[in-house]
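Undergrad: Would you be able to build a 3D model of this:
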Amino acid sequence: MSKDFTFTIKSLRLDENYHPATSTRITTNFANLARGERRQANLRNALTMIDNNFNALAHWDNAQGDRYSVELEIISVDIDIDGGGESFPSIEVLKTYILDNKTGERIEGIVGNNFSSYVRDYDFSVRLRAYNKDKPQFSIPEDFGDLHGKLFQYFVTSEAYKQNFKKPPVICLSVSDNKIYHRTENQHPVLGFEYLPNESSLTEQYFKKMGLQVRYFMPPNSVAPFAFYFCGDLLNDYSNLELISTISTMGTFQRIYRPEIYNANAVAGAVYKPNLKNLDHSLTQIVYDREERSRLAIEQGKFAEENFIKPYQTILDQWSAHYA
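TA: Numbers count the residues shown, from 1 in each chain. Presented below is the predicted three-dimensional model:
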């Protein structure tokens with residue numbers, strides 16, 4: 001079955017002139033910023049924050065704090081299921097590039113960072129809701145995330161991926177506000193102190209089906225740990241500059257979208273419980289609509305159901321059953 005699945009990879013520069021494509025999920029971090037009358041200022045301010053964060057972390061041989069700039073590309077992946085030429089927007093991620101303003105070198109960064117997926121919206125906002133509609137206790141279907149996980153792994157091992165990207169993806173997410181994190185003695189020069197959660201989360205289990213494991217680190221200059229999803233060896237497969245490109249990019253987005261956690265005025269201690277109701281935080285000068293994001297996740301999930309899950313149900317079920 002799998003030979004019929006074709007991936008098309010497109011890239012678009014994320015700068016202050018960026019306008020979201022019609023196929024982009026509008027709850028995606030960067031797309032949410034690029035709307036409304038403040039769109040250009042939002043993007044410019046976010047990109048400046050990313051550069052400042054990068055230079056603060058890459059401080060060696062960087063006395064003026066302006067040696068590096070980060071360039072971002074939006075990577076959109078469309079999938080054609082039956083070879084009929086009809087494509088569905090499967091995932092969208094970010095690719096970082098590092099400009100060394102001292103040497104003029106343009107260094108490839110990490111692909112992944114942000115992770116956007118209509119099928120994930122379907123799983124969490126449509127399927128999981130329907131499954132739990134009249135149940136007294138919340139539960140998860142046994143095959144929850146199977147299809148999405150297999151499609152993701154199929155993409156990452158595809159020729160299309162290998163031709164475009166040298167290393168596996170790293171995805172950086174916020175920590176869960178219903179878990180407790182304990183700081184360990186393990187400290188990395190760039191990723192900072194490692195934290196361990198008290199239990200596994202649904203997100204962890206979902207990403208595990210995508211072939212990704214997770215570790216939690218709080219980088220220097222950050223006030224809370226981040227979740228880094230990866231395959232392979234996070235600490236040794238990527239250079240310090242590559243890791244900093246991800247930390248500075250996603251740290252900036254999280255400060256904008258999760259200021260209660262990532263722009264808090266107090267730094268996470270040895271035992272840390274994230275709190276989205278924390279009032280002791282600062283706001284950035286960047287405007288976004290968090291309520292709209294929650295509402296749109298359901299609409300986007302229904303879009304995936306109508307345009308992908310239902311029309312291709314038989315093919316997807318057969319493929320998923322045979323995909324190893």
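Undergrad: hey, let's count contacts and neighbours off CA atoms from now on
TA: Will do.
Undergrad: For the stretch 151-300 of the chain, which segments count as strands?
TA: With DSSP state E, counting those that start in this stretch as the criterion, the stretch 151-300 of the chain has strands at 170-174, 181-188, 192-197, 213-218, 226-230, 271-272.
Undergrad: low pLDDT regions in the stretch 1-150 of the chain?
TA: Applying pLDDT under 70 to the stretch 1-150 of the chain flags residues 1-4, 21-36.
Undergrad: The closest residue in space to Leu283 that isn't next to it in sequence: what's it in contact with?
TA: Residue nearest to Leu283 in three dimensions, not counting chain neighbours: Pro259, with 6.3 Å by CA to CA, 6 or more residues apart in numbering. Taking CA atoms under 8 Å, 6 or more residues apart in numbering as the criterion, Pro259 is in contact with 281-284.
Undergrad: and what of Thr8?
TA: 77-79, 160.
Undergrad: Can you select the buried ones among those for me in ChimeraX?
TA: Those of those that count as buried under 16 or more other CA atoms under 10 Å are selected in ChimeraX with:
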select :77,78,79
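Undergrad: ok, so of the contacts of Thr8, who is nearest Arg183?
TA: Val77 (36.5 Å; CA to CA).
Undergrad: isn't there a helix covering the closest one?
TA: No - with DSSP: H, G, I helix; E, B strand; the rest coil as the criterion, Val77 is assigned strand and is not in a helix.
Undergrad: Identify the bridge partners of it.
TA: With DSSP bridges as the criterion, Val77 is bridged to Ile9, Ile91.
Undergrad: Skipping adjacent residues, who's closest to the most centrally placed residue in the chain in space?
TA: For the chain, Asn114 is the residue whose C-alpha lies nearest the centre (CA atoms, centre = their mean; 2.4 Å). Counting by CA to CA, 6+ apart, Val93 is the residue found nearest to Asn114 once chain neighbours are left out, at 5.3 Å.
Undergrad: Now do the contacts for the one you found.
TA: Counting by CA under 8 Å, 6+ apart, the residues that Val93 touches are 74-76, 111-116.
Undergrad: at 10 Å instead, please
TA: 11, 28, 73-77, 111-117, 169-171 (CA atoms under 10 Å, 6 or more residues apart in numbering).
Undergrad: circling back to that earlier point, now do the residue nearest to Leu283 against Leu279, distance only.
TA: Computed as CA to CA, to the nearest Å, the Pro259 to Leu279 distance reads 10 Å.
Undergrad: Now do the shared contacts for the two.
TA: With CA under 10 Å, 6+ apart as the test, Pro259 and Leu279 both reach Asn265.
Undergrad: From Phe217, how far out is the nearest residue to Asn101 once chain neighbours are set aside?
TA: Leaving out its chain neighbours, the residue that sits closest to Asn101 by CA to CA, 6+ apart is Arg67, at 5.2 Å. Counting by CA to CA, the separation of Arg67 from Phe217 is 25 Å.
Undergrad: Please say which of these two ends up with more neighbours.
TA: Using other CA atoms under 10 Å as the criterion, Arg67 and Phe217 rank with Phe217 on top: 24 against 20.
Undergrad: From what I see, the more buried one and Tyr229 are in contact.
TA: No - applying CA atoms under 10 Å as the test, Phe217 and Tyr229 come out as separate, 11.1 Å apart.
Undergrad: Confirm Asn53 sits in a strand?
TA: No - read with three-state DSSP, Asn53 is helix and lies in no strand.
Undergrad: For burial, what's the neighbour tally of it?
TA: 21.
Undergrad: Could you measure from it over to Met250?
TA: From Asn53 to Met250 the distance is 10 Å (CA to CA).
Undergrad: any shared contact partners between these two?
TA: Going by CA under 10 Å, 6+ apart, residues that sit against Asn53 and also against Met250 are Ile244.
Undergrad: what's the following helix or strand after the strand or helix carrying Gly109?
TA: According to DSSP states H and E, Gly109 maps onto strand 106-117. Going down the chain from strand 106-117, the next helix or strand is helix 118-121, by DSSP H and E.
Undergrad: what comes into contact with that next one?
TA: Contacts for helix 118-121 (CA under 10 Å, 6+ apart): 23-25, 88-92, 125-128, 145, 147-149, 151, 206, 296-305, 308-309.
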